[in-house]
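K.L.:
Compute the structure for the input listed below.
(chains A and B)
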Number of protein chains: 2
Amino acid sequence: MRLKGKKLKIAVVGATGAVGHEMLRVLGERRFPISELIPFASAKSEGKTVSFMNESLPCKTLKKGCFLGVDIVFFDASDEVSRDWVNEALSANAIVVDHSGAHRMSADVPLVVPEVNGETIGSAKMVSGPNCTTAQLVMALKPLHDRFGLTRVSVSTYQSVSGAGTRAIEELKSHQGPHVFNLTPQIGSFDQDGVTSEENKVMQETKKILNLPNLKISCTAVRVPTLYCHAEVVSAEFSKPIDAKSARKVLAAFSGVVVQDDPELKLYPMNRTASHQDPVFVGRVRKDPSADNGILFWIVADNLRKGAALNAVQIAERMIDA
Amino acid sequence: MRLKGKKLKIAVVGATGAVGHEMLRVLGERRFPISELIPFASAKSEGKTVSFMNESLPCKTLKKGCFLGVDIVFFDASDEVSRDWVNEALSANAIVVDHSGAHRMSADVPLVVPEVNGETIGSAKMVSGPNCTTAQLVMALKPLHDRFGLTRVSVSTYQSVSGAGTRAIEELKSHQGPHVFNLTPQIGSFDQDGVTSEENKVMQETKKILNLPNLKISCTAVRVPTLYCHAEVVSAEFSKPIDAKSARKVLAAFSGVVVQDDPELKLYPMNRTASHQDPVFVGRVRKDPSADNGILFWIVADNLRKGAALNAVQIAERMIDA
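P.N.:
The predicted structure follows:
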């Protein structure tokens, strides 16, 4: 592609948010080829600066023509911002990596976790990254599906407050807000069947990414009083016989997954050890005694890293290389 | 029975613990017919007092003959204490309500949640109460099973630190210890298959209490940074067709269960509202899109109340009445 091997002009929309903040960090850590980085934020953040590679950059606000000359625009803001401004970026001939939920389910937009379905990027000018909860789930399901043939998934989530933004982090840190010593079984809004938007995202996006439109899947999403990382209890059923040992082996061989699973050493994934880390950590792998070809396991990953910023940067790296 | 209508001499073993503390409160609240209450604690609590009905009572230590003249002994201490001292109580002709795990699975000891299987008490001199996580689970499963025929259950737990004792509560309150902003997917010890003792308790005790020895059941138990109440995501499958509305109706009609389920009002069970309450709260009831006759729901109950002290006192009330 025309961008390969060049230093690029990058825009990050939503640069002052929790994902945007992590995005700047990941771009720096991975030595993304950047000639200029332009942080965009909402009008209420006007005058704020963000830090990138030890430089302090003033935030700009979105306006007509703001993406002229930009090579890649990362959208890390609301669905509404993406809906309103993605075309502005595309018509400026920038490529777009959208982390919002606005375009994920559009048939003509690839929804990508690079290790899982990077090949669907093709020559797309715009790619969506999935919901944070979906990203870590499909990372574990993909290698298991390839080997054992996934037929059914049920997931219960334990989602940290960083998924709700920087304010929620600060509140919980200072022991305030609705999440102190409390669990909330609602993330997003309810549909007419009493299912939340977060739960619908996980179910629909998992089917799209794994290219299994008829997959049987259920999800219950719960906010818990942790700061970073989402955790998931997963029960998964397969068409072929499966046992814990072979499941662990297949998981450990998959790029981006780290198996932490040794009961004798009390080794299993936890928020404390997974926070600010790149991999998706999987443990507590064992037979599901209630299903013939079923296993149970526990996934923990940093929702701001593989669940958001890291995945978006990995998508951009693939788009540049394409 | 010989105890009906009399004021009784009661012993509480483990009176300084989290469950023992709640036990004294519940006995007072329910105006249990007490002539004398004797709190027992370990040697290291010697000299400590506990509060009961505005009276300060000195703790005694267990010794040969300590239960002479006692009518009912509540065991709210470790499995080891129950194993060592239950016979002392029975040979003093006291009746025993054991909350420990020591005798729950013995074929000759009824394992009881009164609303669910109170009839199994019969003329037993000793009755066990289940693990806190089991108690609230069977309260929701029983009415659903009676109406729809339970075939499979999968449960993911969100268990508060009060299940680990008073020290864990104090630690988390003062923002210390391993549970601050962290999830731990291990409660109890691991068996050779990587299943924890807590998970095995939930599976085995549920089968015994529901009298469904071949029930397909799986459990993943996780400690979360909340103080009071255990929460559970449950997916349950049935032999008969089931929908959310009829499930809610059956649940709401069951004594001890309160349905809190109105997405429009953002009404669902939470730790904040369920703490220090007697009922088992159920919400988020909806069809399981991954199973033909399946529903998903969310249970929250105070693990020290229905999960422990309240259930034990209810058992004693039934034993007196028998």
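K.L.:
Do you have the helices of the stretch 101-250 of chain A handy? List them.
P.N.:
A:114-117, A:132-148, A:166-173, A:197-209, A:244-252 (DSSP state H, counting those that start in this stretch).
K.L.:
Out of these, flag the one nearest A:Phe281.
P.N.:
helix A:132-148 (8.8 Å; Cβ to Cβ). Quick note: C-beta positions are derived from backbone N, CA and C, even for glycine.
K.L.:
Kindly report the domain assignment for chain A.
P.N.:
A:8-130+A:308-321, A:133-303 (automatic domain parsing).
K.L.:
Any idea how many residues pack against the nearest residue to A:Gly177 once chain neighbours are set aside?
P.N.:
In space, and not counting its chain neighbours, A:Gly177 is closest to A:Glu171: 3.5 Å by Cβ to Cβ, 6 or more residues apart in numbering or on different chains. Counted with other Cβ atoms under 10 Å in any protein chain shown, residues neighbouring A:Glu171 total 17.
K.L.:
now A:Ser218
P.N.:
A:Ser218 has 26 nearby residues by other Cβ under 10 Å.
K.L.:
again, but for A:Ile121
P.N.:
Neighbours around A:Ile121, by other Cβ under 10 Å: 16.
K.L.:
ok, now the one 3 residues further on?
P.N.:
Residues near A:Ala124, counting by other Cβ under 10 Å, number 17.
K.L.:
so it touches A:Leu111, yeah?
P.N.:
No: the criterion here is Cβ atoms under 8 Å, and A:Ala124 misses it with A:Leu111 at 10.6 Å.
K.L.:
Turn the domains of chain A into CSV, including distance to B:Leu90 and mean pLDDT.
P.N.:
Output for those, formatted as CSV (distance: least, Cβ to Cβ, whole Å; pLDDT from 0 to 100):
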stretch, distance to B:Leu90, mean pLDDT
domain A:8-130+A:308-321, 59, 96
domain A:133-303, 35, 97
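K.L.:
which of these is buried the deepest?
P.N.:
Counting by mean count of other Cβ atoms under 10 Å in any protein chain shown, domain A:133-303 has the highest mean neighbour count of these, with a mean of 21.
K.L.:
dump the residue contacts of the closest residue to A:Ile187 other than its chain neighbours.
P.N.:
What sits nearest to A:Ile187 in space, not counting adjacent residues and going by Cβ to Cβ, 6+ apart, is A:Glu198, at 3.8 Å. By Cβ atoms under 8 Å, 6 or more residues apart in numbering or on different chains, the contact set of A:Glu198 is A:131, A:133, A:157, A:159, A:187-188, A:219, A:221.
K.L.:
Nearest to B:Gln192, out of the helices of the stretch 101-250 of chain A?
P.N.:
Comparison of these against B:Gln192 by Cβ to Cβ identifies helix A:244-252 as nearest, at 11.4 Å.
K.L.:
Could I get the full set of strands for chain A?
P.N.:
Under the criterion DSSP state E, chain A carries strands at the ranges A:8-13, A:34-40, A:49-52, A:55-58, A:72-75, A:95-98, A:126-128, A:150-159, A:216-220, A:230-238, A:257-259, A:280-287, A:294-301.
K.L.:
would you turn these into TSV with distance to B:Val250?
P.N.:
TSV is the format used below for the strands of chain A (distance: least, Cβ to Cβ, whole Å):
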stretch	distance to B:Val250
strand A:8-13	49
strand A:34-40	53
strand A:49-52	54
strand A:55-58	59
strand A:72-75	46
strand A:95-98	44
strand A:126-128	42
strand A:150-159	22
strand A:216-220	20
strand A:230-238	25
strand A:257-259	42
strand A:280-287	32
strand A:294-301	28
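K.L.:
would a markdown table of the ones you listed with distance to chain B be doable?
P.N.:
Formatted as a markdown table, the strands of chain A follow (distance: least, Cβ to the nearest Cβ, whole Å):
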| stretch | distance to chain B |
| --- | --- |
| strand A:8-13 | 27 |
| strand A:34-40 | 28 |
| strand A:49-52 | 24 |
| strand A:55-58 | 29 |
| strand A:72-75 | 28 |
| strand A:95-98 | 27 |
| strand A:126-128 | 23 |
| strand A:150-159 | 4 |
| strand A:216-220 | 4 |
| strand A:230-238 | 4 |
| strand A:257-259 | 12 |
| strand A:280-287 | 5 |
| strand A:294-301 | 5 |
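K.L.:
And the closest residue to A:Leu304 other than its chain neighbours, how far from A:Ile169?
P.N.:
If the residues on either side of it in the chain are set aside, A:Leu304 comes closest to A:Glu22, at 4.1 Å by Cβ to Cβ, 6+ apart. Between A:Glu22 and A:Ile169 the computed distance is 12 Å (Cβ to Cβ, to the nearest Å).
K.L.:
And A:Asn214, by the same measure?
P.N.:
Counting by Cβ to Cβ, the gap from A:Asn214 to A:Ile169 is 38 Å.
K.L.:
Quick one: residues contacting the residue most central in space within chain A.
P.N.:
The geometric centre of chain A, computed from its C-alpha atoms, lies nearest to A:Gly307 (Cα atoms, centre = their mean), at 2.4 Å. Going by Cβ under 8 Å, 6+ apart, A:Gly307 touches A:131-133, A:135-136, A:163, A:230, A:301.
K.L.:
Kindly indicate which of the residues you listed lies nearest chain B.
P.N.:
Distance to chain B, by Cβ to the nearest Cβ, is smallest for A:His230 among these, at 9.9 Å.
K.L.:
pretty sure that closest one is touching A:Ser156, no?
P.N.:
No: using Cβ under 8 Å, A:His230 makes no contact with A:Ser156, being 11.3 Å away.
K.L.:
Who are the contact partners of the residue nearest to A:Gly177?
P.N.:
A:161, A:177, A:179.
K.L.:
again with A:Asn117
P.N.:
Contact partners of A:Asn117, counting by Cβ under 8 Å, 6+ apart, are A:110-111, A:142, A:209-211.
K.L.:
if we go to 10 Å?
P.N.:
If you count contacts by Cβ atoms under 10 Å, 6 or more residues apart in numbering or on different chains, A:Asn117 has them with A:110-111, A:138, A:142, A:208-211.
K.L.:
which non-adjacent residue is nearest A:Val26?
P.N.:
A:Ala309 (4.6 Å).
K.L.:
now swap in A:Ser45 and tell me
P.N.:
A:Thr16 (4.7 Å).
K.L.:
unless I'm mixing things up, the one you found is touching A:Thr61, no?
P.N.:
No: A:Thr16 lies out of contact with A:Thr61 (Cβ atoms under 10 Å); the separation is 11.5 Å.
K.L.:
what residues do these two have in common as contacts?
P.N.:
A:40-42, A:44-45.
K.L.:
which pair in the residues you listed spans the largest distance?
P.N.:
A:Phe40 and A:Lys44, at 12.7 Å, using Cβ to Cβ across the shared contacts of A:Thr16 and A:Thr61.
K.L.:
Spit out the residues that contact these two alike.
P.N.:
A:16, A:61.
K.L.:
Enumerate the residues of the stretch 51-200 of chain A near chain B.
P.N.:
Residues of the stretch 51-200 of chain A lying near chain B by Cβ under 10 Å from any Cβ of the partner chain: A:151-158, A:160-161, A:172-173, A:175, A:178-186, A:189-196, A:199-200.
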